[in-house]
Every structure is written in C-alpha cells, then in structure tokens.
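A.B. asks: fold the stuff below for me.
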Amino acid sequence: MNIEQMIAKRTQLFGPNNPIFYEKPLHLVKGDGVWLTDADGKKYLDCYNNVPTVGHCHPHVVEALYNQAKELNTHTRYLHDNILQYAERLLSTYDDSLNRLVLTCTGSEANELALRLIRNLTGGQGVICTNATYHGNTAAVAQLSSIFEPAEGYGPHIRTVRWPDQYRTPDMTDVQTLTDIYLDDIRQAIQSLKEAGIPFAGMILCPIYANEGLPNIPEGYLEQATKIVRDAGGLIIADEVQAGFGRTGKMWGHQSTGFVPDIATMGKPMGNGHPLAGLVARDELVDRFREKDMYFNTFGGNPVSCAVGNAVLDVLENENLISNAASTGEYVLSGLRKLAKKHSIIGDVRGKGLFFGVDLVKDHISKEPAVEETRKLINDMKEHGILISSIGEFNNVLKIRPPLPFNKENAELLLEGINHCLSRL
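C.D. replies: You can find the predicted model right below:
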C-alpha cells in the first residue's frame, strides 16, 4: 500500500482523528541508534523520540529481551530474580527517602496509581497541575492533561496554575517578584479547593516542565513550591516520563531542578520502547495504601520487562550516556544560541541535557508565537531528513529530544538542518 492507502486503512480500522505526525506521514520500517529508515530506504536523524532512550534497537537490550522471552515470561505473582535485581538497582538511583517501587506497564497507569497513593495518605481529592501540561490518558489523569481537554470536561477537584515562564512573563523583570507571583498561584489554588470544601491531596508536575515548553525555571521556585504544598498537607508527584533516565544530564529531572518529590513516576524510556513503567515513593505512601488495597499489575514488572529494564540501566552506565547527554547537550545549546543571533524568528533557546526548546516568534517585542512558521519548519525538517516536533502552550516551541547516544557529529547535522530550513522560511 502507498501512504494514502495506508492512511485510509488506518481511518477505517481505528476511526477518524487518530493522531499521526507530519503533513506527509512517515512509513518507518527500521531503527538503529539515532537513525530511522522509511519504506523507501530514506534515513532520518531522529531528534524527537525519547522512548528509545538508549537508541533504537540497541543490541544489548534486544538480546536481553530475546534471552528472557525464550526462557520464561509470566505474570508478577510468582517470584523471580529479575524483578528483585531491577528494583534494587533502580531505587539506588533515587534519594534514600524514595525506597519503594511499584511497576506498571504505562506511564498513565503510574500517574493514576500515584494519585491513588496521595489521596489515600492525605484523605484529600484536590490536585493541582499546570495549565499547559499532559500526564496521561486514563480517566483520572486525563483530568490533569490541560493541553488536551478531556471529552467529559474537568472535575471540580482539579485546579490549574500558571507554569513558571520567564520568557513571556507578567510585565516585570525582577525574577524574585516573578517567582512570588507563580508561587502565589499555588497558594490561591489550595485556598480555592479549601473554599469549595475539597480537601487537598497534592500537586503533580514535570520537573522540567517539558510540555509547557521547557522554561528556564526561576532558581528556588520548585523548593518553595514543594514547601507550600507540604505545609498545606499535600504531597508532590514528579512525572519523570520525559525528564528521567539521564535526559537532563542527571539521572532524574528533579535532581537537575533542586527538589525531592514524595513520588516519582516513570514511563516510556524505562524499557527503551518495551512497555515498562512504574513509580517510586516513600515507604509510608506505598505501605499504607497496600494495607487497604491489594493492588497488582498482571504484567507490570514481569521477567521479560525487568530483563529489559536492567539492560537499559546497563547501557546507560556502560556507554556513559548520562554524561554524554550533559556534554553534547551543551554543544547543541551553544549552536542553537548562535542560530538565534542569525535568525530573528528564534525568540528564546532553552534546554537541559539532550532536551531543547526553541521558541519561535513573529517578533522579539511582542513575542507573538510563530505557530504557522513552526508547523512549516517541522515539516520542512522532515523532508530534509531530520525529525523534530513542537510543544508549548502555543505549540510554537521546537521540541528537540533525541535518543541519548546522540553525539556531536549528529548535532552538527541537526544544527545545519535547522539553519538550512530556517533560511527557507
């Protein structure tokens, strides 16, 4: 089938409005490291996919999956060495206070379970998130996904707050005053829940505010936000699905932004594309929850999944991918900032490790989002052989997030590609 026939068949089988990338969708057939290949043999530099965090089809991960799959795969109500080894290794990467692990199959499940844990311990239902975020697609976490309003609408127990934006700010330049304004948003949300008679459970956030556009977070903001939430009797959930596993140049995103959550959730990159997810939490949260609820997940943490998870940790360590994310990330940031001096459409460049946000604007005074230009650039980059996407409240921020083996040679191709395509706008 050609592309048009495949799209028609997809619509027939799955229904309309099933999301798909690019104006001319890609039919991919092979992945290798940071490269993808389509059905016509054209190669694409993958600067978007964080799911294959250690690279597409990494041989060590594939071998671990194959070896365990041919030996045993069963549900998680039997004993197995893999899950114990994996749990010990994974927990050792976190703060000592996060000493319990629960494994699931998806990040949405992990975030939903995190909500159940904080509601069980606090007795509250009210939850705060930002006004431009995404935390999954179950009925519970869709309520927290403010960039895609759920079909059933938002419940009375949800409050949204502005994310800490230093680029498009209220009319001021003082960072401390700006920080106070964003912190006051959290206080007001807590007060709003109290006035509505809804006990407060906590706040969920991505520690690098990835979907919001990867802002430069005011220094001290997250530590102070965490204190406000805890002083009000709530708990903090860090959604590490995008920020974790070395993406920021540290193992976990919250380690790069200066706070320790009560729960951290993980997803897609955990198994390099294999369905493995979970959460870590303080023992009090998990133990109290299990006193009331016999939670289990049939295949969350099965022997094959844990073999894959262990292999991902092996590759992160053995190939020094976290330090590579930090060093190559600095190289890319420097190159993007040089491009910003050349192309006036670039209003701001932001990033941590191998995750970058390039804010495109109509002009530097109004900072009006260049939404149509962003759409065109992403599609032009695809035709040029480089895959990126967009994020942000206005969908005008280039989302650049390659697998962690991405090196300086790859970075040069990315920077040359952006320069070429911007010059065509």
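A.B. asks: which parts of the stretch 301-425 of the chain are helices?
C.D. replies: 303-318, 321-342, 371-383, 408-424 (DSSP state H, counting those that start in this stretch).
A.B. asks: Lys24: which of those is closest?
C.D. replies: Among those, helix 371-383 comes nearest to Lys24, with 7.5 Å by CB to CB. For every residue, glycine as well, the C-beta is placed using N, CA and C.
A.B. asks: just to be sure, Cys129 is in a strand?
C.D. replies: Yes - the assignment for Cys129, made by DSSP: H, G, I helix; E, B strand; the rest coil, places it in a strand.
A.B. asks: count of neighbours near it?
C.D. replies: 25 (other CB atoms under 10 Å).
A.B. asks: same check, this time on Arg89
C.D. replies: 15.
A.B. asks: residue contacts, it?
C.D. replies: With contacts defined as CB atoms under 8 Å, 6 or more residues apart in numbering, Arg89 is in contact with 310, 313.
A.B. asks: angles on the backbone of it, please.
C.D. replies: As for Arg89, its main-chain torsions (degrees, to the nearest 10) stand at phi -70, psi -40.
A.B. asks: let me see the ranges of the strands in the stretch 1-150 of the chain.
C.D. replies: 28-32, 35-38, 43-46, 100-104, 126-130 (DSSP state E, counting those that start in this stretch).
A.B. asks: let's have the helices of the stretch 301-425 of the chain in CSV, adding mean pLDDT.
C.D. replies: Formatted as CSV, these follow (pLDDT from 0 to 100):
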stretch, mean pLDDT
helix 303-318, 98
helix 321-342, 98
helix 371-383, 98
helix 408-424, 98
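A.B. asks: so for Gly357, which of those sits nearest?
C.D. replies: helix 321-342 (9.6 Å).
A.B. asks: residues in contact with that closest one?
C.D. replies: Residues contacting helix 321-342 (CB under 8 Å, 6+ apart): 53-54, 246-251, 315-316, 346-349, 351-356, 358, 400, 404-408, 411-412, 414-415, 418-419, 422.
A.B. asks: among those, name the buried ones.
C.D. replies: By neighbour count, with 16 or more other CB atoms under 10 Å, the contacts of helix 321-342 hold 53-54, 246-251, 315-316, 346-349, 351-356, 358, 400, 404-406, 411, 414-415, 418, 422 as buried.
A.B. asks: follow-up on the earlier one: kindly reformat the helices of the stretch 301-425 of the chain as JSON lines containing distance to Ala69.
C.D. replies: Below are the helices of the stretch 301-425 of the chain laid out as JSON lines (distance: least, CB to CB, whole Å):
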{"stretch": "helix 303-318", "distance to Ala69": "5"}
{"stretch": "helix 321-342", "distance to Ala69": "24"}
{"stretch": "helix 371-383", "distance to Ala69": "34"}
{"stretch": "helix 408-424", "distance to Ala69": "31"}
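A.B. asks: and the ones you listed, which is most packed in?
C.D. replies: Among the helices of the stretch 301-425 of the chain, helix 303-318 has the highest mean neighbour count (mean count of other CB atoms under 10 Å), at a mean of 22.
A.B. asks: strands along the stretch 151-300 of the chain, start to end?
C.D. replies: Using DSSP E, counting those that start in this stretch, strands in the stretch 151-300 of the chain cover 158-161, 200-205, 235-239, 263-266, 277-281.
A.B. asks: which strands or helices does the first one pack on?
C.D. replies: Packed against strand 158-161, as judged by 3 or more CB pairs under 8 Å, 6 or more residues apart in numbering; DSSP states H and E, are the following elements: strand 126-130, helix 175-195.
A.B. asks: between these, which one is closest to Gly33.
C.D. replies: strand 126-130 (33.6 Å).
A.B. asks: report the rounded mean pLDDT for that closest one.
C.D. replies: Averaged over strand 126-130, pLDDT sits at 98.
A.B. asks: please identify the pairing partners of it and their relative orientation?
C.D. replies: Sheet pairing for strand 126-130, assigned by DSSP bridges, gives strand 158-161 (parallel), strand 200-205 (parallel).
A.B. asks: starting at the chain centroid, how far to that strand?
C.D. replies: 17 Å (CA atoms, centre = their mean, to the nearest Å).
A.B. asks: relative to strand 235-239, how tilted is that strand?
C.D. replies: 40 degrees (axes from the mean of the first three to the mean of the last three CA atoms, to 10 degrees).
A.B. asks: which ones are touching Lys42?
C.D. replies: Lys42 neighbours (CB under 8 Å, 6+ apart): Gly385.
A.B. asks: leaving out sequence neighbours, find the closest residue to the most centrally placed residue in the chain.
C.D. replies: What sits nearest the mean C-alpha location of the chain, by CA atoms, centre = their mean, is Gln242, with 2.0 Å. Distance criterion CB to CB, 6 or more residues apart in numbering; nearest residue to Gln242, sequence neighbours excluded, is Ala210 at 4.2 Å.
A.B. asks: is it true that the one you found touches Ala243?
C.D. replies: Yes - Ala210 is in contact with Ala243 according to CB atoms under 8 Å; the separation is 6.3 Å.
A.B. asks: higher neighbour count, the two?
C.D. replies: Neighbour comparison, Ala210 and Ala243: the larger count goes to Ala243, with 30 against 26 (by other CB under 10 Å).
A.B. asks: chain neighbours aside, what residue packs nearest to that one?
C.D. replies: Nearest one to Ala243, counting by CB to CB, 6+ apart, is Gly253 at 2.5 Å.
A.B. asks: can you get me a residue count around that neighbour?
C.D. replies: 28.
A.B. asks: which ones are touching it?
C.D. replies: 206-208, 238, 240, 242-244, 247, 352.
A.B. asks: ok, now how distant is it from Ile198?
C.D. replies: 29 Å (CB to CB, to the nearest Å).
A.B. asks: using CSV, write down the CA coordinates of stretch 256-266.
C.D. replies: Extracted in CSV, the C-alpha atoms of stretch 256-266 (Å, rounded to 0.1, in the frame of the first residue of the first chain):
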residue,chain,number,x,y,z
SER,A,256,18.5,18.9,38.0
THR,A,257,15.9,21.3,39.3
GLY,A,258,16.6,21.0,43.0
PHE,A,259,13.9,19.2,45.0
VAL,A,260,12.9,15.7,46.2
PRO,A,261,9.4,14.6,45.5
ASP,A,262,7.2,12.3,47.5
ILE,A,263,6.5,10.2,44.4
ALA,A,264,8.3,10.0,41.1
THR,A,265,6.6,8.3,38.1
MET,A,266,8.3,6.8,35.1
